[in-house]
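In: When you get a sec, could you give me coordinates for this:
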Amino acid sequence: MGTSPWIVPDDLWVRIEPLLPRKERRFRYPGRLPVPNRQVLCGILYVLHTDIQWEHLPKELGFGSGMTCWRRLRDWNEAGVWQRLHEVLLAELNAAARLDWSRCVVDSARQGPKRGIHTGPSPVDRGRAGSKHHLITDGHGTPLAVLLTGGNRNDVTQLLPLLDAIPPVRGRVGHPRRRPDSLFADRGYDHDIYRDQVRARGIVPAIARRNTRHGTGLGVYRWVVERTFAWLHGFRRLRVRWERRADIHEAFLKLACCLITHRQFQSLC
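Out: Model prediction:
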C-alpha cells in the first residue's frame, strides 16, 4: 500500500525543517505544547490534496486544528519558506544536470471563480470573477516560477515578470543561472515589443504568431507546461480559489510547485 500523499516523507522533511522559523517558548508560562511542525505540515498538505475546509480538518488525524495549520501556512509563507525550498530543490536538480536550460516554456491557466485579492472578471468566461496562474517551466516541465493575478490580466503582461521571477539557481560551477537560452510561448504572447524585451535579456523568443496557420512545430516543446498545469491542478485546492487572501492561495501554489519539483528530484533516485 502506498503512503498517503499528505504524509511528509523523510527526504523532504530534512530539506524543509532547517528553513522553518524558530519560535522561542516562554518557560515561565509555557502553556500547552505547540503541535509539531511536521504534523502541521501534514495537515496543510491534507487540505491541499483534498480541498477540505480548514474548520473541517479532522482532529483525530493529529494535525492540529485547521486554524493552527492556516496560521503556520501564513507565517511560513511570510518567512519565505516555500521560495527557499524551491530554490534548494532546483539547485539539487541543477547539480544533477536535470534542468533543461536550453529552453523555457510559459503559459497561464484560469482558475475557478471566487472573490478576493488578485481576482477579476475574465474576458473569455462571460465576465466571471476568477484568478489566473502564470507558470514558467524548464524544457522538462519543472516549475521555475509561478505568479497569481486576476483573471482579467492579459497573459503577455506577465511574461517579463515570470522571467524576472526565476530565482538564481545554484548547483553548478560558476555563477548561479537564471536565464534560459530560449523561450517558447503560444499566440497569447504574440507582441513584438515583448519579443524585443526578451531578446534584450539574452533569450531567443520562439512565440507563435497570430493569423498564421497551425503547424509551426512549437507545440512539440510547449506541451510540457500544459502537463505541469495538469500536475498543479491535480492538487484539488488549486482548482477553485476559496481563499479571499491572495497570500494564502499563493502559499498553496508555491508549495505545490515545490512538491512537483521534489517529484522530479525523486525520479533521479
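
In: and the closest residue to Gln111 other than its chain neighbours, helix, strand or coil?
Out: Leaving aside its sequence neighbours, Gln111 sits nearest to Ser131 (Cβ to Cβ, 6 or more residues apart in numbering; 4.6 Å). C-betas here are computed from N, CA, C, even on glycine. Following DSSP: H, G, I helix; E, B strand; the rest coil, the label given to Ser131 is strand.

In: tell me which element the nearest residue to Thr142 once chain neighbours are set aside falls in.
Out: Of all residues not flanking Thr142 in the chain, Gln264 sits nearest, at 5.1 Å (Cβ to Cβ, 6+ apart). For Gln264, the host element (DSSP states H and E) is helix 246-266.

In: Counting by contacts, list what that helix packs against.
Out: For helix 246-266, the elements it packs on are helix 37-50, helix 66-78, helix 81-95, strand 143-150, helix 219-232, judged by 3 or more Cβ pairs under 8 Å, 6 or more residues apart in numbering; DSSP states H and E.

In: Any buried residues in that helix, and which?
Out: The neighbour-count check on helix 246-266 (16 or more other Cβ atoms under 10 Å) flags 246, 248-262, 264-265 as buried.

In: Over to stretch 187-204?
Out: So, applying 16+ other Cβ under 10 Å, buried residues of stretch 187-204: Gly188, Tyr189, Asp190, Tyr194, Arg195, Val198, Ile203.

In: Figure out how far that stretch is from the centre of its chain.
Out: Chain-centre distance of stretch 187-204: 23 Å, with Cα atoms, centre = their mean, to the nearest Å.

In: Pull the residues that contact it.
Out: Identification of contacts with stretch 187-204 by Cβ atoms under 8 Å, 6 or more residues apart in numbering yields 104, 106, 108, 154-156, 159-160, 163, 179-183, 205, 207-210.

In: Repeat the analysis, applying 6 Å as the threshold.
Out: Asp155, Val156, Leu159, Leu160, Arg179, Ser182, Leu183, Pro205, Ile207, Ala208, Arg209, Arg210 (Cβ atoms under 6 Å, 6 or more residues apart in numbering).

In: Helices - which of those residues land there?
Out: With helices taken from DSSP state H, the overlap with those comprises Leu159, Leu160.

In: buried subset of the contacts of stretch 187-204?
Out: Asp155, Val156, Leu159, Ser182, Leu183, Pro205, Ile207, Ala208.

In: what's the farthest-apart pair in the residues you listed?
Out: Farthest-apart pair in those is Asp155 and Ser182; separation 18.3 Å (Cβ to Cβ).

In: didn't Phe229 look like it was pressed against Arg110?
Out: No - Phe229 is beyond contact range of Arg110, at 10.7 Å (criterion: Cβ atoms under 6 Å).

In: if you count what's nearby, which of these two comes out ahead?
Out: Neighbours were counted for Phe229 and for Arg110 using other Cβ atoms under 10 Å; Phe229 has more, 19 against 14.

In: what's the more buried one in contact with, if anything?
Out: Ala109.

In: So it versus His133, what's the distance?
Out: Note on Phe229: its distance to His133, by Cβ to Cβ, to the nearest Å, is 7 Å.

In: which residues are in contact with both of those two?
Out: Shared contacts of Phe229 and His133, counting by Cβ under 6 Å, 6+ apart, come down to Ala109.

In: Contacts for the helix holding Gln264 next, please.
Out: Applying Cβ under 6 Å, 6+ apart, the contact partners of helix 246-266 are 12, 48, 73, 77, 82, 85-86, 89, 92-93, 117-118, 142-143, 146, 148, 231-232, 235, 237, 241, 243.

In: Identify the farthest-apart pair in the contacts of stretch 187-204.
Out: Farthest pair in the contacts of stretch 187-204 (Cβ to Cβ) is Arg179 and Arg210. Separation: 26.5 Å.

In: returning to that earlier point: just the contacts of stretch 187-204: which are in strands?
Out: Counting by DSSP state E, the contacts of stretch 187-204 place Ser182, Leu183, Pro205, Ile207 in strands.
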